[in-house]
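Visitor: give me coordinates for this.
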Amino acid sequence: MLRTGAPLNLARAVARVQRLREQPAAAPLASAGHRRRLWELPPRALEMVLGMALPHEALRRVARRVLRAEPKAQGHALHAGLVTECRRRGPLAEALQAELERQHAATQRQAAEAGSAEALARWWQGQAGRGELPGALWAVLSHPRCTEALQQQVLGEVQMLQFQAGQAARVELARFEALIDENAVLARALAAAQQRCTQLAAEHARVHAACLADNAKLRGRVAALEAQVLALRAGAAAAPTSAQQEARIEGLERALRKAQAPVKAPLPAPGPMPKPKPLAVPVPVPVPVMQAPGSLGGAGSAVAAGPEEGLGQRNVLCVGGRTAIVPVYRRLVEARGGRFLHHDGGEEDKLGALDATLAAADLVICQAGCVSHNAYWRVKDHCKRTGKRCVFVETPSAAGLQRALAQVTQDT
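Guide: Below is the predicted model:
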């Protein structure tokens, strides 16, 4: 029976192919006004519709709802099982049919406006050009005007697009793998850079700690220097008292020298000439060394100034000089009969007071090496305008001031 049945089946297949060839090429696959259902599609079209028109999660959701259980199949096995179930009408096929109608209702309304196979083909080309394949595929294959030729064209184009998508996916996969390799290289480079940054941060922290320690030491030194400066300023504030003491001592010494000068003996009263006697040598009156000037008696307090007074009570202004030897300057000026005036040249005294001091001076001695530039030019300009005598001393010292005073007294 197998030998007799096989030729009969083959003959039937040949007759069926002949009938298909004799049918018009543009004849629609569905009756007029009737859209094809999912179970009415050929297997190839059914596979493409379930593979593209519905996402995998939608297929799984519909199967879970119909079966009332989680499908055990995954991926391709689930897709193949659904294709098999949809070849005949059943609960699963009807549920998938309803899901397709719901998701692609708008696309089907657009496709329904095509009244012929040619118009439907043009609409498909427009949708495919825009990449809207899922809904357009289901709308064309289920359209009443879809012919066998249009169906084969649509399936062929979709298959080619799937091939191209697969090829692009392989290219993207290769590119992705290359990116993974590159990312691994960059990750290693980043790890090395982070390690270097950590080392540099540790080195920076060490240097910063050392700098903080040095800064603390410097702050201690600065504090010590500030304390010394305060002590020096306190000593400078007490300088006028020392200067007064020096002036007092100098006055006492000057009075002492005057008191120790020889005094002439008084003339005898008129009367008979006595026998000549040898003249007595005048004896100097002894005076204590530290006796105050007001306590000196007799002729010692009335003696005129000695030969050291050569300035004639003129105001002598000393500009500049170190604070510690200002009392020495005062003794030297007053020893020559002058009135001592002083300005530090802008170190601590205000420069505004220099002009008034210059106006009160008769003679100016400028310690050029120990004054500010502003004070130097003020002194020079004032003396040039007023014609006052100004002597510039390069080295601020007592010896330099003595030479300057000697020069002034010789010129006068």
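
Visitor: wait, a helix at residue 211?
Guide: Yes - counting by DSSP: H, G, I helix; E, B strand; the rest coil, residue 211 is part of a helix.

Visitor: would you mind measuring from it to residue 88?
Guide: Counting by CB to CB, to the nearest Å, the gap from residue 211 to residue 88 is 87 Å. The way it works is simple: take the backbone N, C-alpha and C, and place the C-beta from them, glycine included.

Visitor: same check, this time on residue 386
Guide: For residue 386, the distance to residue 88 - CB to CB - is 131 Å.

Visitor: where does the stretch 101-250 of the chain dip in pLDDT?
Guide: For the stretch 101-250 of the chain, residues meeting the criterion pLDDT under 70 lie at 169, 233-246, 248.

Visitor: please redo it, this time with the cut-off set to 90
Guide: For the stretch 101-250 of the chain, applying pLDDT under 90 flags the ranges 101, 103-117, 119-182, 184, 214-215, 217-250.

Visitor: what about the residue nearest to residue 338 when sequence neighbours are not counted, distance to residue 102?
Guide: Spatially, and ignoring its direct neighbours in sequence, residue 338 is nearest to residue 311 (3.4 Å; CB to CB, 6 or more residues apart in numbering). Residue 311 sits 124 Å away from residue 102, taking CB to CB as the criterion.

Visitor: now do residue 202
Guide: 65 Å.

Visitor: next: residue 321.
Guide: Counting by CB to CB, the gap from residue 321 to residue 102 is 108 Å.

Visitor: quick one, helices of the stretch 201-350 of the chain?
Guide: With DSSP state H, counting those that start in this stretch as the criterion, the stretch 201-350 of the chain has helices at 239-259, 326-335.

Visitor: next helix or strand past the helix or strand where residue 98 lies?
Guide: Using DSSP states H and E, residue 98 sits within helix 91-103. Moving toward the C-terminus from helix 91-103, the next helix or strand (DSSP H and E) is helix 105-112.

Visitor: what does that following helix contact?
Guide: Identification of contacts with helix 105-112 by CB atoms under 8 Å, 6 or more residues apart in numbering yields 35, 101, 120, 123, 127, 132, 135-136, 138-140, 142-143.

Visitor: circling back to that earlier point, ok, the residue nearest to residue 338 - contacts?
Guide: Residues in contact with residue 311 (CB under 8 Å, 6+ apart) are 333, 336, 337, 338, 363, 405, 408, 409, 412.

Visitor: what about the strands in this protein?
Guide: 315-319, 339-343, 363-367, 389-393 (DSSP state E).

Visitor: dump the ones you listed into CSV; add distance to residue 44 as well.
Guide: Formatted as CSV, the strands of the chain follow (distance: least, CB to CB, whole Å):
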stretch, distance to residue 44
strand 315-319, 117
strand 339-343, 116
strand 363-367, 116
strand 389-393, 118
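
Visitor: of all the ones you listed, which one is nearest residue 82?
Guide: Among the strands of the chain, strand 339-343 comes nearest to residue 82, with 111.3 Å by CB to CB.

Visitor: which strands border the closest one, and is each parallel or antiparallel?
Guide: Using DSSP bridges, the strands paired with strand 339-343 are strand 315-319 (parallel).

Visitor: average pLDDT for the partner strand?
Guide: When pLDDT is averaged along strand 315-319, the result is 90.

Visitor: wait, residue 332 sits on residue 399?
Guide: No - the criterion here is CB atoms under 8 Å, and residue 332 misses it with residue 399 at 9.9 Å.

Visitor: higher neighbour count, the two?
Guide: residue 332 (21 against 10; other CB atoms under 10 Å).

Visitor: okay, that one: pLDDT?
Guide: We note a pLDDT of 88 for residue 332 in this prediction.

Visitor: show me what contacts it?
Guide: With CB under 8 Å, 6+ apart, residue 332 has these contacts: 398, 401, 402, 405.

Visitor: burial of the last one, as a residue count?
Guide: By other CB under 10 Å, the residues close to residue 405 number 23.

Visitor: among the contacts of helix 105-112, the buried ones, what's the ChimeraX command?
Guide: Buried subset of the contacts of helix 105-112, written as a ChimeraX selection, criterion 16 or more other CB atoms under 10 Å:
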select :35,120,123,127,135,136,138,139,140,142,143
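
Visitor: now the contacts of helix 105-112 in TSV, with distance to residue 83?
Guide: Supplementary listing: these in TSV, determined by distance: CB to CB, whole Å:
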residue	distance to residue 83
35	20
101	19
120	25
123	26
127	24
132	23
135	19
136	20
138	15
139	20
140	19
142	16
143	21
